[in-house]
Each structure stands twice: as structure tokens, then as C-alpha cells.
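In: Next come a sequence and a model predicted from it.
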Amino acid sequence: TSNQFYPNLVRDTENETVTTTSQLSASEPEPTTSSTISEDETSIGDEVIIETLEPETTLTETLPSEELPYLIMVNVALNCVTVYAKDETGQFTIPVRAMACSTAREGYITPTGTYNTSDMFRWAVMADGTRAQYVYRFKGSYLFHSVPYMETSKDSLEPGEYNKLGSPASMGCVRLTIADAKWIYDNCKIGTKVIIYNN
């Protein structure tokens, strides 16, 4: 079925996978095969999800924005994520958690702007074949997720990539420690505002 957040993502519910596709017209059937990415998509360099494992949700009822407890700010220049809570006036001014991250390395981009979190996956296989935990989408193929793993196994973390946290290393996504990725995944409800800036 088509994903209401991102119509270019098609889910194979039988195999619990998603694949990006070109826009489908009403007369075209949705593809039934998955785990493929087009040449165009790979040339962009986005860390496109090519397979999802243990998906938590892709469609869910969201709270009104004024009821959401946190704001996520990503400083690309400093490779730092800060989560803010509301003060007594309802403004997001109270820092709750600061996290070292890795945004896009040279040749890639992490898009700046204001977005909202949407679907999430416990594990996912990324476009480069690595795996990640606590995957949480904020814009199209751009995601918050843990540092990469070689396999879908907690003992296959890539230590070299972990050691790059705090500096650019990704293909556009926001990589975090496992604990920090899990904290966002567990505490920031779907629809949470994400502001990404380069300062």
C-alpha cells in the first residue's frame, strides 16, 4: 500500500519491506517486489531504506503540534542534536538532552529546514547495505538512526563509524549513538518538529 506521508514509498506488507519508486499514476499497479533502489536514487546519495525489519509503525494518529512535548534541533555545523522542552510560556527553551551526531560527509547533504518526524522502524537496511537501529524518518529518505551495523545483530556495530560521531560521516541522515537514537525513538512522538540548521 502507498504511504500517506511519502507517496513515493511503497510497502510490501507481506515481506515487511519498503522501496522507493517513481510516482505512480492511478492506472499503474503498485510494484510487488522490493529491496531495490533506482540508479537515480543511488546517485543522490540519500541513505534510502531498502528493507525494514521489525517496523513499529508507518501510519499512526498524531497529536496536535501544541501537545507534543519536544522540539529537535540539529546543528549541522557542530554535528550536535539538542532536544528542547517547553517553558512555562509554552516556548521550547529548556534543553533536555544534547547529543553528538554525524551529519552528511563531503559530497552529500543533510537538508536544512523545518520538518516533522513520521514513520519509524526498529531495524532497517540502508542503501549502502549496512543496518541501523531506531530508525525515525524526518524528511523523505532522511532519517535519525543509530550508527551503522554490518548485520542485523547488536554485536556487529561498526566501531570506526561510531568514533566519527561529532563529525560529518553520513550520506545525509543524522547518525546517533544507540542510546541517543533510542531516546528520540522512545520519547519524541510522531509529528515532532525537527529544525535543521547550519550555524
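Out: Now that the structure is in, tell me what you want to look at. The model shown is predicted, which means the values in this text are computed figures rather than measured ones.

In: In stretch 117-137, which residues are buried?
Out: Residues of stretch 117-137 classed as buried: 117-121, 123-127, 130-137 (neighbour count, 16 or more other C-beta atoms under 10 Å). Backbone N, C-alpha and C define where each C-beta goes, glycine included.

In: Same check on stretch 135-147?
Out: 135-147.

In: With stretch 158-169 instead?
Out: Buried, per 16+ other C-beta under 10 Å, within stretch 158-169: 161-162, 164-165, 168-169.

In: What is the nearest of those to residue 76?
Out: residue 168 (8.3 Å; C-beta to C-beta).

In: Contact partners for the closest residue to that closest one other than its chain neighbours?
Out: What sits nearest to residue 168 in space, not counting adjacent residues and going by C-beta to C-beta, 6 or more residues apart in numbering, is residue 105, at 4.4 Å. Contacts for residue 105 (C-beta atoms under 8 Å, 6 or more residues apart in numbering) come out as 168-171.

In: among those, which are in helices?
Out: The helices, defined by DSSP state H, take in nothing from the contacts of residue 105.

In: Look up phi and psi at residue 184.
Out: Dihedral pair for residue 184: phi -60, psi -50, per degrees, to the nearest 10.

In: cool, residue 136 as well?
Out: Main-chain torsions, residue 136, degrees, to the nearest 10: phi -140, psi 120.

In: can you check the one 10 residues further on too?
Out: Here the main-chain torsion angles of residue 146 (degrees, to the nearest 10) amount to phi -70, psi 170.

In: residues in contact with it?
Out: Residue 146 is in contact with 132-135, 175-178, 181-182, counting by C-beta under 8 Å, 6+ apart.

In: give me that answer again for 7 Å
Out: 132-134, 176, 178, 181 (C-beta atoms under 7 Å, 6 or more residues apart in numbering).

In: which stretches of this structure form helices?
Out: Going by DSSP H, the chain shows helices at 39-44, 159-162, 178-187.

In: Point out the most buried one among those.
Out: helix 178-187 (a mean of 18; mean count of other C-beta atoms under 10 Å).

In: Only alpha carbons, please: show that one as PDB.
Out: C-alpha atoms of helix 178-187 as PDB (Å, rounded to 0.1, in the frame of the first residue of the first chain):
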ATOM      1  CA  ILE A 178      22.400   3.700  20.000                       C
ATOM      2  CA  ALA A 179      21.300   5.200  23.300                       C
ATOM      3  CA  ASP A 180      20.500   8.600  21.800                       C
ATOM      4  CA  ALA A 181      18.700   7.200  18.800                       C
ATOM      5  CA  LYS A 182      16.600   5.100  21.100                       C
ATOM      6  CA  TRP A 183      15.800   8.100  23.300                       C
ATOM      7  CA  ILE A 184      14.500  10.100  20.400                       C
ATOM      8  CA  TYR A 185      12.600   7.000  19.100                       C
ATOM      9  CA  ASP A 186      11.000   6.400  22.500                       C
ATOM     10  CA  ASN A 187      10.300   9.900  23.600                       C
END
